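# Build me a structure from this.
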Amino acid sequence: MNAGYYTPKGGCPGQEQLLTDRAVFTDAYVVIPKGAMRDIVVSRLPFWEKTRLWVLSRPLSGFAETFSQYIMEVGPGGGSDRPETEAGVEAVLFVVEGSGSLVADKTAHELCPGSYVYLPPGCEWSLRNNGASELRFHWIRKRYERVDGVPLPDLLITNENDIVPDPMPETDGEWLTSRFVDVTDMRHDMHVNIVTFQPGAVIPFVETHVMEHGLYVLEGKAVYRLNQDWVEVEAGDYMWLRAFCPQACYAGGPSRFRYLLYKDVNRHMKLNTPFTS
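Numbers count the residues shown, from 1 in each chain. Sure thing, here's the model as predicted:
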């Protein structure tokens, strides 16, 4: 069971506050601390009512290029009957606070904290907040990469509490991954998982791999290795890593450390430069 997910509340710090914070933007990674998610940096979208959002990542040439990630905040009575305006886009929704009514492929579903929704490209959907408080959720968008002979994925709606986490090898359950999609299912070209570290657990080597990452800290705190730097992160912080950025983690406690993790998977590397002999 989850113990509560961190969600930004906006607002603006008082004039007595110091300017210093942990925000970092490099050519290998970005750290957006929770204190940066204020009213003056929100965005709004066409066809969304009583809604604002924080854009955590978007494709940038020469950096991370496969996805965008938003934290959506939908007020009571708000939502959208035309949420996605771009063709060929798949999405994952992950609810962190409040409740909502989703209609996908003409079927209604009630969402609550921990709800996970995979929306394949071409899926018709709408979302409404019929409750009395704000609905907050992550919206991760990616242009689906079709492969001839591989069918599209199915609509998937589940909840984190219904997923049995997988222990990572040789960790005695100190490092767990909650996987919403079968890793051998080649229909999927992205995974969005939840990673959990018990206090004192580590990633015991510096990972360097082709997948891009978006990591939103749901609970706890840790020290994260990003490229050559060790960076302190806590619940509400967001990390955005380009491909091959070295990374590792030490969860110092006192409580568990958890994050929502995006990565692109299961596709050939595009060879965009023409070969000439």
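# dump the residue contacts of the closest residue to Ala108 other than its chain neighbours.
Nearest residue to Ala108, sequence neighbours excluded (Cβ to Cβ, 6 or more residues apart in numbering): Ser101, at 6.4 Å. Backbone N, C-alpha and C define where each C-beta goes, glycine included. Going by Cβ atoms under 8 Å, 6 or more residues apart in numbering, Ser101 touches Gly79, Ala108, His109, Glu110, Leu111, Leu127, Arg128, Asn129, Asn130.
# for Leu218, same thing?
Listed by Cβ under 8 Å, 6+ apart, the contact partners of Leu218 are Asn2, Tyr5, Tyr6, Val96, Ile194, Ala235, Arg258, Tyr259, Leu260.
# List just the nearest of these to Ser61.
For the contacts of Leu218, the closest approach to Ser61 (Cβ to Cβ) belongs to Leu260, at 25.2 Å.
# Show me what that closest one bridges to in the sheet.
On the basis of DSSP bridges, Leu260 is bridged to Ile194, Tyr216.
# got a list of what it touches?
With Cβ under 8 Å, 6+ apart, Leu260 has these contacts: Phe94, His138, Val192, Asn193, Ile194, Gly214, Leu215, Tyr216, Leu218.
# now the residues you listed as a markdown table including pLDDT?
Shown next, in a markdown table, are the contacts of Leu260 (pLDDT from 0 to 100):
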| residue | pLDDT |
| --- | --- |
| Phe94 | 98 |
| His138 | 98 |
| Val192 | 98 |
| Asn193 | 98 |
| Ile194 | 98 |
| Gly214 | 98 |
| Leu215 | 98 |
| Tyr216 | 98 |
| Leu218 | 98 |
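# can I get these in CSV with distance to Gly62?
Below are these laid out as CSV (distance: Cβ to Cβ, whole Å):
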residue, distance to Gly62
Phe94, 28
His138, 25
Val192, 24
Asn193, 26
Ile194, 29
Gly214, 17
Leu215, 20
Tyr216, 23
Leu218, 29
